[in-house]
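S.K.: Need coordinates for the following:
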Amino acid sequence: MEKRIIKADGQEQEFSELKLIDSILKAGASEELARKVANQIAADAGLTSTEEVNSKVIQLLLPEHRPLAGRYNLKRAIMRLGPSGFPFEKFVARLFEAMGYEVKINQILQGSCVTHEVDVVIKKDNINYGVEVKFHNKTGYKSNVKVPLYIKARFDDILKGENQLKISDFYLVVNTKFTDDAWIFANCSGIKAISWEQPTGNNLARLIDQNHVHPVTAVTSLPENLFGEVLKKGVVLCSELAEAHELLAQLGLNAAEIGTITREASAIAALKNEM
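M.R.: Next comes the predicted model:
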């Protein structure tokens, strides 16, 4: 009998062992390890949701390859940047920096009617772009058409105003998926939209992996109660956490704990991209 699981949005689908193997491979696992883990998941009749499947995968990967478990946990790690959206804004800024852009955060721009705070302003090849960042920490949530409608109205007002930074184009970055209407409207209206899975080839998940900007919340050995403290100090990426020995000591961790955390952070940042 086929195995059925419930997705985060509540819809039921057939479990695919091949898809699970592929997702574990993309995180950097060997084919042997990916098949081993997927076979155990397929044989476990008690796993009835994608949330349970993902938790079990991480549980199985931890003793085999802790950094790989953190890498596989990427989507959850991004959601753990909340509950406020500001850490995600800083993360997106770091992502664009890694892609070669000059970056400014929280810029106040005068529109034709009112002033606007733009989350991130980026510059490359003498072209300035505004970036609006929307964060949600609820699994299964999709950004609906109201989001690009609102962003389009704000950006049109900015373009009609003084526009002192000479912004000529706009991005909308979300950590979830778009509804069909939201995706169609964003593209139709000229907004450069990026979601977890869209556009194909340059979606958020792929850009994160390609540019090695994994969030500190992917580090499984960092105590969860310290994520907020680390983020407050401006340490957003695994590559930054790998060098944050002094900060971790200030947070009360001993030398052995610091060594474990920084080694894992460094390993996650260095894992070979298979996407």
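S.K.: contacts and neighbour counts: CA atoms only from here.
M.R.: Noted.
S.K.: which residues touch the spatially most central residue of the chain?
M.R.: Centroid-nearest residue in the chain: Ile78, 4.2 Å away (criterion: C-alpha atoms, centre = their mean). Applying C-alpha atoms under 8 Å, 6 or more residues apart in numbering to Ile78 gives the contacts 88, 175, 215, 217-218.
S.K.: Over to Asn203?
M.R.: Applying C-alpha under 8 Å, 6+ apart to Asn203 gives the contacts 194-197.
S.K.: Of the contacts of Ile78, just the buried ones, ChimeraX syntax please.
M.R.: The ChimeraX selection below is limited to those of the contacts of Ile78 classed as buried (16 or more other C-alpha atoms under 10 Å):
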select :88,175,215,217,218
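S.K.: and which of the contacts of Ile78 is nearest Ile151?
M.R.: Using C-alpha to C-alpha, Asn175 is the member of these that lies nearest Ile151, at 15.8 Å.
S.K.: how deep is Glu64 tucked in, by neighbour count?
M.R.: Neighbours of Glu64 under the rule other C-alpha atoms under 10 Å: 12.
S.K.: any idea how far Ile158 is from it?
M.R.: In this view, Glu64 and Ile158 are 51 Å apart by C-alpha to C-alpha, to the nearest Å.
S.K.: Please report how far the residue nearest to the centre of the chain lies from Leu18.
M.R.: 25 Å.
S.K.: And for Glu264?
M.R.: Counting by C-alpha to C-alpha, the gap between Glu264 and Leu18 amounts to 28 Å.
S.K.: Of the two, which one has the most company?
M.R.: Neighbours were counted for Glu264 and for Leu18 using other C-alpha under 10 Å; Glu264 has more, 26 against 12.
S.K.: mind checking the SS state of the closest residue to that one other than its chain neighbours?
M.R.: In space, and not counting its chain neighbours, Glu264 is closest to Pro67: 5.4 Å by C-alpha to C-alpha, 6 or more residues apart in numbering. Following DSSP: H, G, I helix; E, B strand; the rest coil, we place Pro67 in the helix state.
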